[in-house]
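Visitor: Attaching a predicted model along with its sequence, questions to come.
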Amino acid sequence: MHTTSKLPSGAMQLLCLITITTWLALSAHASDLGSVMRTGHGDHADHADYGGTTMERTFTSYTSLPVGERALADAGWTKHISDGCNPHLGFAWTEDSSGATKSKPLILYTTKGGQPAGAGIVILGYGEDPLPAQQKKWATAKPFTPNKQYHPVDGLGSDVAHVDVAFRSGDIVCSGAKDSLTIGDVLIVNPAGESESDSDAKMSLPLTDKEAAAKGWMRGSCFDGMGWHWFLDTSMGGNKLSWKAENLFPVVIMYHEGQLNAMFFASTINQVSIPILKSNEWEPKALSASEMCNNICDKDCTFSGLTNAGPFSSMHIYFRDHKSVTCDSNLKCGLTFPFRGNCCEPDDCESDTGASCRVLPCRASRGPTECTRDSLFGRRRCICQAGYCSNNGVCEAAPDPVEDMGVVLASKTGGLGWSPELMLGGAAVVGGVMSAMVVVAFKMRGTLSPELNLGGAAVVGKGSERLLAC
């Protein structure tokens, strides 16, 4: 049962006695501790490159993508050379000889030396702007591949947008030189940096989850094959989302054990012609706002602002064999069949009432509920609405959430003792030895600010020993 005496869910990760016996310098970087303490993230060194030796596309189909010029030619892709080597993306390759098309919208790029240089996608507007006004700056102003099917050669047009991501940068793109990297060492959206409204419209994407947290991205949920999703809200940053579809950056990135594993292109316009049967290389079906929220752990997740041409469409690009990536077994997964997804740290607020709504709607006696499907072909369940927790199958209002809580204590000088001024919803922090300082930070959902990015709690201080009890 959920009571007001419980800690916020982020703090519930510390439900045991933790003894820190090493000296912690006050200048220690809290973000360096974060990947050790956060479930699902290993303490890996940052790498200059990323990925494995293979690439795949599209969730559930995992179609292999040719890696490099020789593989593209062998697979029958067409190289477009009429405009020469583009200094930002090299040479464009498409599956259709005419260029990017509705049914085959993916573009792969190679350097003059034949190595991968990037990937791009064509997003159709179907009478609407293909990208929200807030995200148009990230579209390639002068596409590097023909697609007369969509717009005149001399202009981008209003009903199509190209979103390109570079894997390499600098002289190597067009010099003919090669390096030892299989896929690349950068991810740069709109690498030319040009748009109709902004002269500097490119963005370098973080290659590690530490960097993503420091740059204001918000961590979502974990999916087998993908890893942890990270989203960027271009209107606010700060590891938060405004829940407005128009503010969502059109590229979502995923990490496994702290390292880049995949990305997906996100469209607020439905790009699927017929679900499953004719998806046009996008994911098999478009995603409603609630289905997009399966990629996020925040129970308050929702997305407003989708037009009549919505819902969301997504296309994943994997930088290694998807079978090598699995979410931590300790995570609680909202989707369990035919794959594990929407996996998050266990929460003290249970939303599942245990009731089915396959035939009949959820009973009013269960409180504020909604009927959701737990997987593509799974059963329908009665789930508590945002802000409510299941107590013996009945949805009751959750305690007022505490987004951020920070307490600083100059501890007593005489041994260990409970500090009443640190009573936090029923838990207490043990004072330190000598006159030391203990800083405890909690966050109910999402990730903490970069300087305290510890996935639930941080202890910063110095002294011979620290004890923290929850």
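Guide: Yep, it's here. What you see is a predicted model; the values in this text were computed from it and never measured.

Visitor: Burial check on Asp96, number of neighbours?
Guide: Other residues near Asp96 number 15, with proximity taken as other Cβ atoms under 10 Å. In this view, the C-beta of every residue, glycine as well, is placed from N, C-alpha and C.

Visitor: what does Cys362 give?
Guide: Around Cys362 there are 21 other residues, counting by other Cβ under 10 Å.

Visitor: wait, Phe118 sits on Leu89?
Guide: One thing to correct before we go on: residue 118 is Gly, not Phe. Yes. Contact status for Gly118 versus Leu89: in contact at 4.9 Å, counting by Cβ atoms under 8 Å.

Visitor: Now list whatever residues contact both of those two.
Guide: Residues within reach of Gly118 and of Leu89 at once, by Cβ atoms under 8 Å, 6 or more residues apart in numbering, are 109, 164, 166, 191.

Visitor: Below-threshold pLDDT in the stretch 1-150 of the chain: ranges please.
Guide: Across the stretch 1-150 of the chain, the stretches falling below the confidence threshold (pLDDT under 70) are 1-48, 145-150.

Visitor: now do 50
Guide: Using pLDDT under 50 as the threshold, the predicted model of the stretch 1-150 of the chain has low-confidence ranges 1-47, 148-150.

Visitor: can you map out the helices along it?
Guide: Defined through DSSP state H, counting those that start in this stretch, the helices belonging to the stretch 1-150 of the chain, from first to last, are 30-37, 69-74.

Visitor: Need the contact partners of stretch 317-329.
Guide: By Cβ under 8 Å, 6+ apart, the residues outside stretch 317-329 that reach it are 39-40, 50-57, 62, 65, 119, 183, 222-227, 256, 260-265, 333, 340, 343.

Visitor: Ok, stretch 120-132 next?
Guide: 89, 92, 100-102, 105-109, 136, 138-140, 145, 147, 150, 158-165, 245-247, 250, 265, 267-271, 305, 307-309, 315.

Visitor: What pLDDT is listed against Asp200?
Guide: pLDDT recorded at Asp200 is 71.

Visitor: where does it land in three-state SS?
Guide: Reducing the assignment to helix, strand or coil with DSSP: H, G, I helix; E, B strand; the rest coil, the entry for Asp200 is coil.

Visitor: if I look at it, how far off is Cys371?
Guide: Using Cβ to Cβ, to the nearest Å, Asp200 is found at 47 Å from Cys371.

Visitor: out of these two, which sits in the busier spot?
Guide: Shown here are Asp200 and Cys371; by other Cβ under 10 Å, Cys371 has more neighbours (15 against 10).

Visitor: Would you mind giving both backbone torsions of the closest residue to that one other than its chain neighbours?
Guide: Distances taken as Cβ to Cβ, 6 or more residues apart in numbering put Cys357 closest to Cys371, at 3.9 Å, once the chain neighbours are dropped. Torsion angles at Cys357 (phi, psi; degrees, to the nearest 10) stand at phi -130, psi 30.

Visitor: From what I see, Cys357 and Arg380 are in contact.
Guide: Yes. Counting by Cβ under 8 Å, Cys357 touches Arg380, with 4.7 Å between them.

Visitor: Now the common contact residues for the two.
Guide: Cys371.

Visitor: Glu246 - that's part of a helix, no?
Guide: Yes. Inclusion of Glu246 in a helix is indicated when three-state DSSP is applied.

Visitor: For it, give me its contacts.
Guide: Applying Cβ under 8 Å, 6+ apart, we find Glu246 in contact with 132-135, 268, 305.

Visitor: same question, Thr302
Guide: The neighbourhood of Thr302, defined by Cβ under 8 Å, 6+ apart, consists of 243, 289-290, 293, 386.

Visitor: ok, back up a step: please narrow the shared contacts of Gly118 and Leu89 to those residing in strands.
Guide: 109, 164, 166 (DSSP state E).

Visitor: Domain map for the protein?
Guide: In terms of domains, the chain is parsed into 11-39+402-468, 55-324, 350-397 (source: automatic domain parsing).

Visitor: Could you tell me the end-to-end distance of the longest one?
Guide: The distance separating the two terminal residues of domain 55-324, taken as Cα to Cα, to the nearest Å, comes to 12 Å.

Visitor: Could you do stretch 287-301 as well?
Guide: Using Cα to Cα, one end of stretch 287-301 lies 14 Å from the other.

Visitor: can you list contacts of that stretch?
Guide: 218-221, 223, 229, 231, 241, 243, 245, 252, 302-304, 306, 311-314, 334-335, 341-342, 344-345, 347, 349, 351, 372, 386-387, 445-446.

Visitor: Of these, which count as buried by neighbour count?
Guide: Buried by 16 or more other Cβ atoms under 10 Å: 218-221, 223, 229, 231, 241, 243, 245, 252, 303, 306, 311-314, 334-335, 341-342, 344-345, 347, 349, 351, 372, 445-446, out of those.

Visitor: so which of the domains of the chain is the most packed in?
Guide: By mean neighbour count, with neighbours taken as mean count of other Cβ atoms under 10 Å, domain 55-324 ranks first of the domains of the chain at a mean of 19.

Visitor: Note down every partner strand of whichever strand or helix holds Ile253 and its orientation.
Guide: When secondary structure is defined using DSSP states H and E, the element that contains Ile253 is strand 251-256. Neighbouring strands of strand 251-256 in its sheet, by DSSP bridges, are strand 227-231 (antiparallel), strand 259-267 (antiparallel).

Visitor: what about stretch 330-350, start to end distance?
Guide: End-to-end distance of stretch 330-350 (Cα to Cα): 16 Å.

Visitor: any idea of the mean pLDDT in it?
Guide: Taken as a whole, stretch 330-350 carries a mean pLDDT of 87.

Visitor: list the contacts for Phe91?
Guide: Taking Cβ under 8 Å, 6+ apart as the criterion, Phe91 is in contact with 69, 79-81, 85, 109-112, 117.

Visitor: thinking again about what came up before, okay, the strands paired with strand 251-256 in CSV with distance to Glu128 and mean pLDDT next?
Guide: Shown next, in CSV, are those (distance: least, Cβ to Cβ, whole Å; pLDDT from 0 to 100):
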stretch, distance to Glu128, mean pLDDT
strand 227-231, 22, 98
strand 259-267, 11, 97
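
Visitor: Is it possible to get CSV of these that adds distance to Ala212?
Guide: Output for the strands paired with strand 251-256, formatted as CSV (distance: least, Cβ to Cβ, whole Å):
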stretch, distance to Ala212
strand 227-231, 5
strand 259-267, 9
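
Visitor: Quickly list what the nearest residue to Met226 once chain neighbours are set aside is bridged to.
Guide: Once its chain neighbours are removed from consideration, Met226 has its nearest residue in Met254; the separation is 4.6 Å (Cβ to Cβ, 6+ apart). Each beta-bridge partner of Met254 is listed here: His229, Ala262, as defined by DSSP bridges.
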